[in-house]
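1. Below are the sequence and a predicted model; questions follow.
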Amino acid sequence: MLDDKTTIAYIRSAKSGDERAKEELITHNVSLVKCIVKRYLGKGVEYDDLFQIACMGFLKAISGFDESFGVKFSTYAVPMIAGEIKRFMRDDGAIKVSRAMKQTAKEMNAYVEAYTAETGKSPTVKHLAEKFGMDEAETVFVLGSSKMPVSLYGTTEYKDGNERELIDTLASDDDQDAWIDRMVLKGAIDELCERDKKIIVLRYFRDMTQSEVARQVGVSQVQVSRIENRIIKEFRDKLVR
């Protein structure tokens, strides 16, 4: 995934109408999107449908992200993507991937390879949309439905000689909302300075008292209390905004 500075730069460009920036954001965050989609499999909706819906949520996250909130884009995007999927499931909607769309995806990927070989660069989403006579959002979905596995979806060979996706080794039957909350919380904690992060981890994940934390960190119990209250207030303010 992209670093925070590059991500913000791409988001600014994407909001200004730069399709290439939007395409880069999607490409570099596809593993995050797929990881969220994986959590909703086995609930009566096909993978391709879920991936398309997740992409809608991701595009909405790009449009709605406000860097003044002081949170990482991934922290903001995760609940947006998951929310889009849950709304679809709640409303019992349906987006079917037809054979015609799958054929279009095959033709589109063949065109991308030929174009790249000829020009030395990849075609933009806008170029592909014009070439295949569809809007840009649909173009993203068609391309996304045929993406090769990356990151956690990469394969590894086991002793029996068979290849499995790495993410298949992870449990996926836990509560979805709890998993999303953990991802958002992790993102918020990662943004703290080392001292503040240590205080929160010791207090809420190691179950230490403020006095015990104070001895570990090398500050007074009163300071720990003030720091803890400040962090909690900042978390709450970000959630409200």
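-> Yep, that arrived.

2. Packing partners of the helix or strand containing Phe235?
-> Following DSSP states H and E, one finds Phe235 within helix 221-240. Helix 221-240 sits against helix 194-204, helix 210-217, with contacts defined as 3 or more CB pairs under 8 Å, 6 or more residues apart in numbering; DSSP states H and E. For every residue, glycine as well, the C-beta is placed using N, CA and C.

3. Indicate which one of those is closest to Ser16.
-> helix 194-204 (34.2 Å; CB to CB).

4. Show me what counts as buried in that closest one.
-> For helix 194-204, burial by neighbour count (16 or more other CB atoms under 10 Å) applies to Asp196, Ile199, Ile200, Leu202, Arg203.

5. Stretch 203-216 now?
-> Within stretch 203-216, the residues that count as buried by 16+ other CB under 10 Å are Arg203, Met208, Gln210, Val213, Ala214.

6. Ok, stretch 7-22 next?
-> Across stretch 7-22, burial judged by 16+ other CB under 10 Å covers Thr7, Tyr10, Ile11, Ser13, Ala14, Glu19, Ala21, Lys22.

7. Report the two of those residues separated the most.
-> Thr7 and Glu19 (16.6 Å).

8. count of neighbours near Met134?
-> Look at Met134: counted by other CB atoms under 10 Å, it has 16 neighbours.

9. May I have the secondary structure class of it?
-> coil (DSSP: H, G, I helix; E, B strand; the rest coil).

10. For it, give me its contacts.
-> Val142 (CB atoms under 8 Å, 6 or more residues apart in numbering).

11. Likewise for the one 4 residues further on?
-> Residues touching Glu138, when contacts are defined by CB under 8 Å, 6+ apart, comprise Ala129.

12. returning to that earlier point: now that we have the buried residues of stretch 7-22, can you turn them into TSV and tack on distance to Ile36?
-> As requested, the buried residues of stretch 7-22 are exported to TSV (distance: CB to CB, whole Å):
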residue	distance to Ile36
Thr7	17
Tyr10	20
Ile11	19
Ser13	24
Ala14	20
Glu19	23
Ala21	22
Lys22	19
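
13. Angles on the backbone of the most centrally placed residue in the chain, please.
-> Among the residues of the chain, Leu32 comes closest to the average C-alpha position under CA atoms, centre = their mean, at 3.7 Å. Note on Leu32: backbone dihedrals following degrees, to the nearest 10 are phi -70, psi -40.

14. nearest residue to it other than its sequence neighbours?
-> Excluding its sequence neighbours, the residue lying closest to Leu32 (CB to CB, 6 or more residues apart in numbering) is Ser74, at 6.3 Å.

15. what about that neighbour, distance to Ile36?
-> 11 Å (CB to CB, to the nearest Å).

16. okay, now the closest residue to Ser122 other than its chain neighbours: neighbour count?
-> The shortest distance from Ser122 to any residue other than its chain neighbours is 5.3 Å, reached at Thr116 (CB to CB, 6+ apart). When neighbours are defined as other CB under 10 Å, Thr116 has 12 of them.

17. So for the helix or strand that contains Thr116, mean pLDDT?
-> Using DSSP H and E, the element containing Thr116 is helix 99-119. The average pLDDT for helix 99-119 rounds to 84.

18. What of stretch 43-61?
-> The average pLDDT within stretch 43-61 is 86.

19. would you put the C-alpha positions of that stretch in PDB?
-> Only the C-alpha atoms of stretch 43-61 are listed here, as PDB (Å, rounded to 0.1, in the frame of the first residue of the first chain):
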ATOM      1  CA  LYS A  43     -23.600 -15.100   2.800                       C
ATOM      2  CA  GLY A  44     -25.500 -15.700  -0.500                       C
ATOM      3  CA  VAL A  45     -23.700 -13.100  -2.600                       C
ATOM      4  CA  GLU A  46     -21.000 -14.000  -5.200                       C
ATOM      5  CA  TYR A  47     -17.500 -12.800  -4.900                       C
ATOM      6  CA  ASP A  48     -17.600 -10.700  -8.100                       C
ATOM      7  CA  ASP A  49     -20.700  -8.900  -6.800                       C
ATOM      8  CA  LEU A  50     -19.200  -8.200  -3.500                       C
ATOM      9  CA  PHE A  51     -16.000  -6.900  -5.100                       C
ATOM     10  CA  GLN A  52     -18.000  -4.500  -7.300                       C
ATOM     11  CA  ILE A  53     -19.900  -3.200  -4.300                       C
ATOM     12  CA  ALA A  54     -16.700  -2.800  -2.300                       C
ATOM     13  CA  CYS A  55     -15.200  -0.800  -5.100                       C
ATOM     14  CA  MET A  56     -18.300   1.500  -5.000                       C
ATOM     15  CA  GLY A  57     -17.600   2.000  -1.300                       C
ATOM     16  CA  PHE A  58     -13.900   2.700  -2.000                       C
ATOM     17  CA  LEU A  59     -14.700   5.400  -4.600                       C
ATOM     18  CA  LYS A  60     -17.100   7.000  -2.100                       C
ATOM     19  CA  ALA A  61     -14.300   6.900   0.500                       C
END
